[in-house]
Structures are given as C-alpha cells and as structure tokens.
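K.L.:
mind folding the following:
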Amino acid sequence: MLKKDGNINCLQTDFEESAKQLTIMKGILPKVSGDRDMLWGRVKQCIEDNMLLSAEVNILKKKMEALEEDLLLKEGQITILKDSLGNKLFDPFAGFPSL
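P.N.:
Residues are numbered from 1 along each chain as shown. Take a look at the predicted model:
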C-alpha cells in the first residue's frame, strides 16, 4: 500500500511539474509565434527584393552588351578611318600640304 501511495505521489509531482512547464510554454508561445510571423514577413520582403534586384541585374547586363557592341562599332570606325589615311602620320603642327 505504501508503495502505491509513493507511486501516486511521484505521479502527482510529475503532473504538477508538467503543468508548470505547460503554463510557461503557453506564456512563451505567443512571443515565439510573433517572432515567427515577423521573420516570415522579412523573408517575403527579401524574396521580393531579390526578384527586383535580379530583374535590375538582367537590365544592366543587356545595357552592358549594348555598350560593348557600340564600343566594337566605334573601334571598327576608328580602324577604318586610320586605314583610309593610308598609315600616314598626322602632325597637326605641320600645317596643310601645299597643292
């Protein structure tokens, strides 16, 4: 009989401890849920920012490609002009040749 009473007391003590822990957890749960919701909001904002930045990166890549093409065109024009001069050295201080 004493053994039964000891087991009952042990179980009752365990139950009271568990009830205390449950009360503590119920107090912590709203804060944790609020923190989770706040972090989820941040994650959604970061996802949106990432999409916007990715779109901007793609636009900038296209602009760079266009500028590189323009640069190649200008370099080609310069080469053509140099070739049309017939590899003659141009001295701006020498004046114009007399005709």
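K.L.:
and residue 75, what element?
P.N.:
Assigned by DSSP states H and E, residue 75 falls within helix 2-84.
K.L.:
what about that helix, average pLDDT?
P.N.:
The average of the pLDDT scores along helix 2-84 is 94.
K.L.:
gap between it and the chain center?
P.N.:
Centroid displacement of helix 2-84 relative to its chain, using Cα atoms, centre = their mean, to the nearest Å, is 9 Å.
K.L.:
tell me what that helix is packed against?
P.N.:
If you count contacts as 3 or more Cβ pairs under 8 Å, 6 or more residues apart in numbering; DSSP states H and E, helix 2-84 packs onto no helix or strand. In this view, the C-beta of every residue, glycine as well, is placed from N, C-alpha and C.
K.L.:
number of nearby residues for residue 85?
P.N.:
By the measure other Cβ atoms under 10 Å, the count of residues near residue 85 is 9.
K.L.:
actually, residue 62.
P.N.:
The local packing of residue 62 (other Cβ under 10 Å) involves 10 other residues.
K.L.:
how near is it to residue 68?
P.N.:
Distance, residue 62 to residue 68, using Cβ to Cβ, to the nearest Å: 11 Å.
K.L.:
residue 56 now?
P.N.:
Residue 56 is 19 Å from residue 68, by Cβ to Cβ.
K.L.:
equivalent analysis for residue 12, please.
P.N.:
80 Å.
K.L.:
ok, residue 35 next?
P.N.:
Distance from residue 35 to residue 68, by Cβ to Cβ: 48 Å.
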